[in-house]
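**Q** Predicted model follows, preceded by the sequence.
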4 protein chains.
Amino acid sequence: MAMVCLSDFEAYAKKYLPKIAWDYFAAGADDCNTRDENILAYKRIRFRPRMLRDVSMMDIRTKILGTEISFPVGIAPTGFHQLAWPDGEKSTARAAKAMNTCYIASSYSTCTLEEISASAPGGLRWFQLYIYRNRAASQQLVQRAEALGFQGLVLTTDVPYTGKRRDDIRNGFRLPPHMKVKNLEQDFEVCEMSVLDPSVTWNDIYWLRSLTHLPIIIKGILTKEDAELAVRHGVQGIVVSNHGGRQLDEGPATVDALVEVVEAVQGRVEVYLDGGIRKGSDVLKALALGAKCVFIGRPALWGLAYKGEEGLQDVLRLLQDEFRLSMALAG
Amino acid sequence: MAMVCLSDFEAYAKKYLPKIAWDYFAAGADDCNTRDENILAYKRIRFRPRMLRDVSMMDIRTKILGTEISFPVGIAPTGFHQLAWPDGEKSTARAAKAMNTCYIASSYSTCTLEEISASAPGGLRWFQLYIYRNRAASQQLVQRAEALGFQGLVLTTDVPYTGKRRDDIRNGFRLPPHMKVKNLEQDFEVCEMSVLDPSVTWNDIYWLRSLTHLPIIIKGILTKEDAELAVRHGVQGIVVSNHGGRQLDEGPATVDALVEVVEAVQGRVEVYLDGGIRKGSDVLKALALGAKCVFIGRPALWGLAYKGEEGLQDVLRLLQDEFRLSMALAG
Amino acid sequence: MAMVCLSDFEAYAKKYLPKIAWDYFAAGADDCNTRDENILAYKRIRFRPRMLRDVSMMDIRTKILGTEISFPVGIAPTGFHQLAWPDGEKSTARAAKAMNTCYIASSYSTCTLEEISASAPGGLRWFQLYIYRNRAASQQLVQRAEALGFQGLVLTTDVPYTGKRRDDIRNGFRLPPHMKVKNLEQDFEVCEMSVLDPSVTWNDIYWLRSLTHLPIIIKGILTKEDAELAVRHGVQGIVVSNHGGRQLDEGPATVDALVEVVEAVQGRVEVYLDGGIRKGSDVLKALALGAKCVFIGRPALWGLAYKGEEGLQDVLRLLQDEFRLSMALAG
Amino acid sequence: MAMVCLSDFEAYAKKYLPKIAWDYFAAGADDCNTRDENILAYKRIRFRPRMLRDVSMMDIRTKILGTEISFPVGIAPTGFHQLAWPDGEKSTARAAKAMNTCYIASSYSTCTLEEISASAPGGLRWFQLYIYRNRAASQQLVQRAEALGFQGLVLTTDVPYTGKRRDDIRNGFRLPPHMKVKNLEQDFEVCEMSVLDPSVTWNDIYWLRSLTHLPIIIKGILTKEDAELAVRHGVQGIVVSNHGGRQLDEGPATVDALVEVVEAVQGRVEVYLDGGIRKGSDVLKALALGAKCVFIGRPALWGLAYKGEEGLQDVLRLLQDEFRLSMALAG
């Protein structure tokens, strides 16, 4: 079977993953409207292609927070990569490094931060963070990540509680016994979402700031009002995200929200996006609307499910080729 | 089978109810456009979710006409609950009381007002009323309801004649012989809709006012013009409703009409809504657009059909959980 | 099988008519977009229902060109009624008279004008007319119709050539040998559309005017510009029509065109409509938008196909009941 | 099987062509959104039909760049006609001449320009051109075309690289061994798209101008900005085209882009269109929006696949009849 587009990887993953794992990765909240809107919204955005421009040489490299990556697509934080491939996040880290792009490791990794770091030394990695009721646990994680050379902290803001994903409830989703949320096993069992602190507010950004020298990127922003607050609270970047449609259903598609966030931010901090990227032209659209870089979640998991590190590289390379071609054809 | 969302209850009811009863509850007028629009209209309304607000403590209680209920979802008046569960409206009353919310008992109940009252003493109940050609019959009912402790009168205004529900005509719908519209059996046979008075006008509100000290809530308002008239005629509340799409087809969805009614009313009376509520986020949308409380019709019947009093509590609890989660996730 | 709505009659006709006849009646031009739009356009029009109006007495009679009919739905001109029922247009005339409404007899009738007149003496009938290359033939027809008591002349303007109806071409549609276009057999074979004169212009209205004392109603108008021309040329009525979507595909739906025609006409002549009426509420919408009366084409044929005169009365009665109910429910 | 509309030819071609050839002709880039939008866009454009105009005599001839054609539909450049019919482009040329219209021969013809010319002497033909990295090759082609009596040069601007057509990749599409891109075999193997020069800019128009006296028509323009540049660089005509949706997916439908191009051009050069023409009424819409002539791509191939030269004539004649009828019915 030729892997010609991301849908091919999706079909492969759906066919070969255990149903419970596929359902977990595919899940959206409630009726999955926002999950699906993330994708549909791109189709409503039309190019105005320009002709006869010299597209013989195109530079698709970019810099995020000062570090160069080979093209503006990174790996979004998603949990439990061992559900997709035995080596889990170690494979992810190796693929990201091989492709010279940024990997945001999830708090819900099934490998430790140390394992991830050791698997691909020198790769550009950020660490995705929740704030726990037990602040000391959060603090430890931040400091471990910083010590291990992670170069950014991505604070997820849209999970005061877990969204209602019907299939996961029907399946009674839980990790198989041989997998663990390893980063936190020394401390406490975070698979219980109740360890997350729903009382977190903007002031906690100052607390987080006090713990680390790393840049803070805030993830989950969907409105201009929150974008303005993020800038005022001194973050270095914003990921426009609705958690892949897994949290609040019937909020905006991320590419629609991107427009108002970019306008509010006025270039004061970098703006990224995740959600719904399925083609190279989606990347181009997001960039044309002001994103500095986009991140892929489910497609990265499909790549892992296909062939681990190699499959994820295939996914990234395919997106890279499509992105480059779209740029050329759009002039 | 796990009951994860209201659609699960719907599927259960469709599977286990006799076809004639299911069709009666599901029926919409003519092509059922308005029935279906009630639901679809919510999908067109998008949240603007806000992040990093302290959502650790949320108070979802509200007051309607001065009485506290545990969350802003009550039971809309629907007929013939014995078609769904042997105990009929007695189960409904018990579930509403257990969940500490408001139950609007229908004139077309298959239990008497006395039975309903006795089944759940002290519960918050309103009584839904038609005006009959025989005004004395209406007057008796009003006074019985008041004497029994019902705390509001809900006057239905959209049934000068019964809407055309094709399946009911095809099925030759009628109550099974062992069920009766019990409230009225002493007086006359109201199942014949011809006893309703199609000449009722706004002036009859004054007549109704003269009969009772109870607050009058007017149900079936869909335009700002009628909302203004309702306020001027001294009602205490308005239920924006199109009778679940069972009367005039191709009028507005209730959540769309809500906006203009709320704007016209300007807070002078409380505004409620029924029609199309299928998720906790629908409740939140209606409240965000100005409703004080919403009422559920068909979902309550599905709960009854599932497990009577217990099933209806399941439905209410599920909506309550979803509503609370939506509030948290929307900030 | 209960005949509860017009779709039931349609299903019956589709099942029992020979395919070639069904296809002929159902045909639309090209992709049938306009045929289908005629129906869909009604669904985009929403009522603003008003409550608590006295609807105990409703008068649904109206007058068209001074003659009272029992309700504002007449029979549009359609050809070849013997394809639907052996007695053909004689049954149609009888049903229209029985229901006290107006029947516009088509030039393509399979009964003579004399047979039609004799079958239902005293019924209100108009005659639908084309202008032939052979003007004397047209003149004869006009004068025959006038002499027989037809009370209006409906000039069809949208057939300079016949629209392209794919199924009729595939079927090689033609009348069975035992049927004839009887009105014209003495003169010439009009089934050949080439007898129609494609050079007809507005000046020919003056010529037609000079032949007869009957009111002239012009059929096929879809724009304000043509409506203005029609008024200036002295017609007494306008039928907004796109020939049931059988002529030019992808023009406007008739109910959409109605709005601009009514606005242009400003009450100077009566405006009618045909196309897409399938429910009583469609009639109400057309009237609310300014039509004085509507005409039904295909539904009348379905009624004939069901039970001849009786079946057509069933169709008219059903529409009448639905129209009355819609009026009551819309206030 | 009656060939009543272009879809009939499409169905025939789909049934009888080898899958790999059908897929190649049908292919669109990526998700094929733009390919499909080209067609759907026509359905959103509605006529305002006018009545009672003398349509007995209609002249559908037009002139493009000074040469009369029998009706405003020509043959767009498409590659590899031998995949559809053994005689390939020779049949195309003969059909175009027989119907007295313009044929734009593709650089990717499977017959030489000399064979094409010889097959239909005196026919109106333009030659479609790419600019190769090897400019001498382009120059030779231009001069050969001019010498052979081609009357226009159509420069394709939207192929700096080939679009991503998934099915072609899956099929491993390539010409069968007995077919060749004959025009270029003396020079080099152009089937390798890498011979195209992606560094071409507007300045190359001046270079092309210097090689030939033929009018230059620029193909692939979709924006007013590029239309203005085209006029300023001295071209004689513009083909609004998105390469049948085979290059950049999710750009505008051609008939939508036509409007802004026509407005920008203000009549300074002739504007043509290809993409999505499937009915005579589509032609009329494009002309009403300012196109001087349209060109058909896939429908011409379906005609070839049906019966070669004769089948293509059938297609052209069918469109001609439909176009004429639409004109008459639209007044």
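**A** Yep, it's here.

**Q** Was I right to think A:Leu124 contacts A:Ala96?
**A** Yes - contact criterion Cβ atoms under 8 Å: A:Leu124 and A:Ala96 qualify, at 7.5 Å. Any C-beta I mention is one placed from the backbone N, CA and C, and that applies to glycine too.

**Q** And the two? Which one has more around it.
**A** A:Ala96 (26 against 22; other Cβ atoms under 10 Å in any protein chain shown).

**Q** Surely the more buried one forms part of a helix?
**A** Yes - counting by DSSP: H, G, I helix; E, B strand; the rest coil, A:Ala96 falls inside a helix.

**Q** Contacts only, for it.
**A** A:Ala96 sits next to A:74-75, A:102-103, A:120, A:123-125, A:312, A:316 when contact means Cβ atoms under 8 Å, 6 or more residues apart in numbering or on different chains.

**Q** how would you label the residue nearest to A:Leu222 when sequence neighbours are not counted: helix, strand or coil?
**A** Once flanking residues are discounted, A:Leu222 sits nearest to A:Ala257: 4.3 Å by Cβ to Cβ, 6 or more residues apart in numbering or on different chains. Three-state assignment for A:Ala257 (three-state DSSP): helix.

**Q** count of residues packed around A:Ala257?
**A** Around A:Ala257 there are 26 residues (other Cβ under 10 Å).

**Q** Next one: it from chain D, what distance?
**A** 20 Å (Cβ to the nearest Cβ, to the nearest Å).

**Q** To which secondary structure element is A:Ile11 assigned?
**A** Careful, residue A:11 is Ala and not Ile. A:Ala11 belongs to helix A:6-16 when assigned by DSSP states H and E.

**Q** for that helix, which positions count as buried?
**A** A:6, A:8-10, A:12-13 (16 or more other Cβ atoms under 10 Å in any protein chain shown).

**Q** Would you tell me which residues of the stretch 101-250 of chain A are close to chain B?
**A** A:157-158, A:160-161, A:163-164, A:166, A:169-170, A:197-202, A:204-205, A:218, A:220-223, A:225-226, A:229, A:242, A:247-250 (Cβ under 8 Å from any Cβ of the partner chain).

**Q** Buried only: go through the residues you listed for me.
**A** The neighbour-count test (16+ other Cβ under 10 Å) marks A:157-158, A:160-161, A:163-164, A:166, A:197-198, A:200, A:202, A:204-205, A:218, A:220-223, A:226, A:229, A:242, A:247-250 as buried among these.

**Q** quick one on the thing from earlier: narrow the residues of the stretch 101-250 of chain A next to chain B to those in strands?
**A** A:218, A:220-221 (DSSP state E).

**Q** Just name the closest of these to B:Thr62, please.
**A** If you rank these by distance to B:Thr62 using Cβ to Cβ, A:Gly220 comes first, at 28.5 Å.

**Q** For A:Thr223, see how far away the nearest residue to that closest one once chain neighbours are set aside is.
**A** Once flanking residues are discounted, A:Gly220 sits nearest to A:Asp158: 3.5 Å by Cβ to Cβ, 6+ apart. With distances taken as Cβ to Cβ, to the nearest Å, A:Asp158 is found 12 Å from A:Thr223.

**Q** Please list the residues outside stretch A:165-181 that contact it.
**A** Against stretch A:165-181 from outside (Cβ under 8 Å, 6+ apart): A:19-20, A:23-24, A:26-30, A:79-80, A:82-83, A:107-110, A:189-191, A:246, B:2, B:4-5.

**Q** Separate out the buried members of these.
**A** For these, buried by 16+ other Cβ under 10 Å: A:20, A:23-24, A:26-30, A:79-80, A:82-83, A:107-110, A:190, A:246, B:4-5.

**Q** just checking, what packs against the helix or strand containing A:Val154?
**A** Assigned by DSSP H and E, A:Val154 belongs to strand A:153-156. Judged by 3 or more Cβ pairs under 8 Å, 6 or more residues apart in numbering or on different chains; DSSP states H and E, strand A:153-156 is in contact with strand A:125-129, helix A:203-211, strand A:216-221.

**Q** Repeat the analysis, applying 10 Å as the threshold.
**A** The helices and strands touching strand A:153-156, judged by 3 or more Cβ pairs under 10 Å, 6 or more residues apart in numbering or on different chains; DSSP states H and E, are strand A:103-105, strand A:125-129, helix A:135-147, helix A:203-211, strand A:216-221, strand A:237-240.

**Q** Adding distance to B:Glu322 and mean pLDDT, write these out as a markdown table.
**A** Shown next, in a markdown table, are those (distance: least, Cβ to Cβ, whole Å; pLDDT from 0 to 100):
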| stretch | distance to B:Glu322 | mean pLDDT |
| --- | --- | --- |
| strand A:103-105 | 30 | 98 |
| strand A:125-129 | 27 | 97 |
| helix A:135-147 | 29 | 94 |
| helix A:203-211 | 27 | 97 |
| strand A:216-221 | 20 | 98 |
| strand A:237-240 | 25 | 98 |
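
**Q** what about dumping the CA coordinates of the helix or strand of chain A with the lowest mean pLDDT to PDB?
**A** Least confident helix or strand, chain A: helix A:135-147 with a mean of 94, by mean pLDDT, DSSP states H and E. Output in PDB follows, covering the C-alpha atoms of helix A:135-147 (Å, rounded to 0.1, in the frame of the first residue of the first chain):
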ATOM      1  CA  ARG A 135       2.700  22.300  43.100                       C
ATOM      2  CA  ALA A 136       5.900  20.700  44.200                       C
ATOM      3  CA  ALA A 137       5.300  18.000  41.700                       C
ATOM      4  CA  SER A 138       5.000  20.500  38.900                       C
ATOM      5  CA  GLN A 139       8.100  22.300  40.100                       C
ATOM      6  CA  GLN A 140      10.100  19.100  40.100                       C
ATOM      7  CA  LEU A 141       9.000  18.400  36.600                       C
ATOM      8  CA  VAL A 142       9.900  21.800  35.300                       C
ATOM      9  CA  GLN A 143      13.300  21.700  36.800                       C
ATOM     10  CA  ARG A 144      14.000  18.200  35.600                       C
ATOM     11  CA  ALA A 145      13.000  19.300  32.000                       C
ATOM     12  CA  GLU A 146      15.200  22.300  32.200                       C
ATOM     13  CA  ALA A 147      18.100  20.300  33.500                       C
END
